[in-house]
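Enquirer: Pasting the sequence and the predicted model now:
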Amino acid sequence: MSDVIVVGAGLAGLVATYELVKAGKRVTVVDQENSANLGGQAFWSLGGLFLVDSPEQRRLRIRDTHELALQDWLGSAGFDRDREDHWPRQWAEAYVAFAAGEKRQYLYDLGLRVMPTVGWAERGGGLAWGHGNSVPRFHLTWGTGPEVVRVFAEPVLASGRVEFRHRHQVDSLIIENGAAVGVRGTVLEPSSAARGVASSRIAVGSFELRAQAVVVTSGGIGGNPELVRKNWPVERFGRAPSRMITGVPAHVDGRMLEITESAGAQVVNRDRMWHYTEGIQNWDPIWPAHGIRVIPGPSSLWLDATGKRLPVPLFPGFDSLATLRHIVGTGHDHTWFVLTQSIIEKEFALSGSEQNPDFTGKDLRLLLERVRKGAPGPVEAFKQKGVDFIVRHSMSELLSAMAALEPALDTAVAEREIVARDRELDNTYSKDMQLMAVRNGRTYQSDKFMRIARPHKLQDPAHGPMIAVRLNLLTRKTLGGLETNLDSQAIRPDGTVFDGLYAAGEVAGFGGGGVHGYNALEGTFLGGCIFSGRAAGRALARDLA
């Protein structure tokens, strides 16, 4: 019999398992998908990591500190719930200390490397004590998400102490004398489906497994549109959108949240969630309603469905959830980027390991193509084949095509916005806050040379053709979840520890039931899986007989 059962073979589960086998424990990993899905959603990620005062930052003359990072985190989180934010506050302080301390060395010792450039993601709402990153902190893994998975999966697979039970769907926890001692569930028929493809749920048997403890690491709810809408915070975001595309595979279904709660654990902050506003429909989908997020630079003109410019400071890459609230409030579920070929070449990146073959494959030859003329290959493929992209050589042609695709667009309103924005470029100074932000961003040398295009008029033929991108709302992350203490032990509704039950990763709100509070700083999701999975594994390694 194993010492511990881990439910979920994603990143948090692998990290917990790694720490357990390192301590000599035996582990059974149970997952409803086949072995092709080892690593879960982390495999599909861009591999961004939130690090503070790193050597990479210092080489780029970025002055980051633990104090500044904690200011940004707490300003973004906005913790305001005495009961539900008790543990998340403590997790936040512990995680920022980890990111400013041993996190980089911990991963470096496992063989993980990051790129020498540092991205400036989620720049925030415009005030120092508020949401957003004051400095660049987004460290891109060389090898992206698959590499983050690999450095934990390889020692786990080589340990000889882990049994994987794939196609085993947990339906209930076994609770005896108030403690979790195992799981029961359904054996699903074998599946040869490729990674991420929705698999069969046909039952071929049942199972029961027992151990000294159970760690739930089953992920969030982003692949379950019905559950997303059920938990949608109408009082903060407005109505639940009628049209959303999906940023995670269908197996990210949230089943284990209800199962674990039914067993007696506490779910908190279930109304907190993180969805993107820059989603595009994948022209070559893997899972149902498969969407990809555009990771934009700050230069594209952002128009709502009717053609009106989004208000300050809702610029590309600044404040994801404030932008989401505004878009939902317009009564439409889509917006538009208007840009040029020069902007798409320098500023458009696509989230996901499969959309970045150079970084993912550690291919220096492919990487060098990014500095050549033309958009990166995956971006160009979307430009040519994606249903959300329109390319024309004049503003009138572009606006007509946009209105043909989405009749809500008022072409006269959109034309007025484009012309007014372009007039502001007749001088090197401007009252336009977005252009100010672009120029501020270009003071960071890494962004100036690699990420932010030189300011220019959208109608300038030297930078053409003009491009419009229809942006869809994209489901992604669950910010609330199972309440846990700093050892990742599940907490009961009365505040006591649930003996034998642990939770880590997205199912635990990446730690504590909501370490991010209301907002996230980007590059923090993988790190949350690592930190909370490590806490669970180390606590069990310490405490189990």
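Expert: Looks like it arrived, so ask away. Worth saying up front: this structure is predicted, and the values here are computed from it rather than measured. Numbers count the residues shown, from 1 in each chain.
Enquirer: Just give the closest residue to Gln355, not the sequence neighbours.
Expert: Sequence neighbours aside, Pro378 is the residue nearest to Gln355 in space, at 4.5 Å (criterion: Cβ to Cβ, 6 or more residues apart in numbering). Placement of C-beta: from N, CA and C, glycine included.
Enquirer: mind checking which helix or strand the one you found is in?
Expert: With elements delineated by DSSP states H and E, Pro378 resides in helix 377-385, which encompasses its position.
Enquirer: who does that helix touch, helix- and strand-wise?
Expert: With contacts taken as 3 or more Cβ pairs under 8 Å, 6 or more residues apart in numbering; DSSP states H and E, helix 377-385 sits against strand 349-350, strand 389-392.
Enquirer: Contacts for the helix or strand following the shortest one, please.
Expert: The reference is to strand 349-350. Moving toward the C-terminus from strand 349-350, the first helix or strand encountered (DSSP H and E) is helix 357-360. Applying Cβ atoms under 8 Å, 6 or more residues apart in numbering, the external contacts of helix 357-360 come out as 46-47, 115, 140-147, 353-354, 363-364, 366-367, 369-370, 376-378.
Enquirer: Just to check, the residue nearest to Gln355 is in contact with Ala349?
Expert: No. Using Cβ atoms under 8 Å as the test, Pro378 is too far from Ala349 to be in contact (9.1 Å).
Enquirer: so what's in contact with these two at the same time?
Expert: Contact criterion Cβ under 8 Å, 6+ apart; residues shared by Pro378 and Ala349: Asn356.
Enquirer: returning to what we had before: spit out the contact partners of the residue nearest to Gln355.
Expert: Counting by Cβ under 8 Å, 6+ apart, Pro378 makes contact with Leu350, Gln355, Asn356, Pro357.
Enquirer: what do you get for Ser400?
Expert: Listed by Cβ under 8 Å, 6+ apart, the contact partners of Ser400 are Thr411.
Enquirer: Correct me if wrong, but it is in a strand.
Expert: No. Counting by DSSP: H, G, I helix; E, B strand; the rest coil, Ser400 is not part of a strand but helix.
Enquirer: Would you quantify the distance from it to Ser394?
Expert: Ser400 is 10 Å from Ser394, where distance means Cβ to Cβ, to the nearest Å.
Enquirer: Tell me how many other residues surround the residue lying closest to Trp129 once chain neighbours are set aside.
Expert: Once its chain neighbours are removed from consideration, Trp129 has its nearest residue in Gly75; the separation is 5.2 Å (Cβ to Cβ, 6+ apart). Other residues near Gly75 number 20, with proximity taken as other Cβ atoms under 10 Å.
Enquirer: again with Val387
Expert: Should you count by other Cβ under 10 Å, Val387 turns out to have 12 residues around it.
Enquirer: Next, the contact list for it, please.
Expert: Gln281, Trp283.
Enquirer: tell me the most buried of the helices and strands packed on helix 377-385?
Expert: Across the helices and strands packed on helix 377-385, the average number of neighbours (mean count of other Cβ atoms under 10 Å) peaks for strand 349-350, which reaches a mean of 20.
Enquirer: Can you tell me the strand partners of that strand and which way each runs?
Expert: Sheet pairing here is set by DSSP bridges, and for strand 349-350 it gives strand 291-295 (antiparallel).
Enquirer: What is the subsequent helix or strand relative to the partner strand?
Expert: Beyond strand 291-295 in the direction of the C-terminus, DSSP H and E gives the next helix or strand as strand 301-303.
Enquirer: If you drop the residues flanking it in sequence, what lies closest to Phe79?
Expert: Closest residue to Phe79 apart from its sequence neighbours, by Cβ to Cβ, 6+ apart: Asp85 at 4.2 Å.
Enquirer: same thing with Arg542?
Expert: The spatial neighbour of Arg542 that comes closest, neighbours along the chain excluded (Cβ to Cβ, 6+ apart), is Ala23 at 8.0 Å.
Enquirer: Leu521 versus the one you found, what's the distance?
Expert: When Cβ to Cβ is the yardstick, Ala23 and Leu521 sit 32 Å from each other.
Enquirer: More neighbours: these two, which one.
Expert: More neighbours sit around Leu521 than around the other of Ala23 and Leu521, counting by other Cβ under 10 Å; the figures are 23 against 15.
Enquirer: Go ahead and confirm that one touches Ser76.
Expert: Yes. With contact taken as Cβ under 8 Å, Leu521 and Ser76 are classed as touching, separated by 5.7 Å.
Enquirer: Need the overlap of contacts for these two.
Expert: Residues touching both Leu521 and Ser76 by Cβ under 8 Å, 6+ apart: Gly132.
Enquirer: so the closest residue to Pro233 other than its chain neighbours is in which element?
Expert: In this structure, Pro233 finds its nearest non-sequential neighbour in Asp271, 4.1 Å apart by Cβ to Cβ, 6+ apart. Element membership of Asp271 [criterion: DSSP H and E] is none; it lies in no helix or strand.
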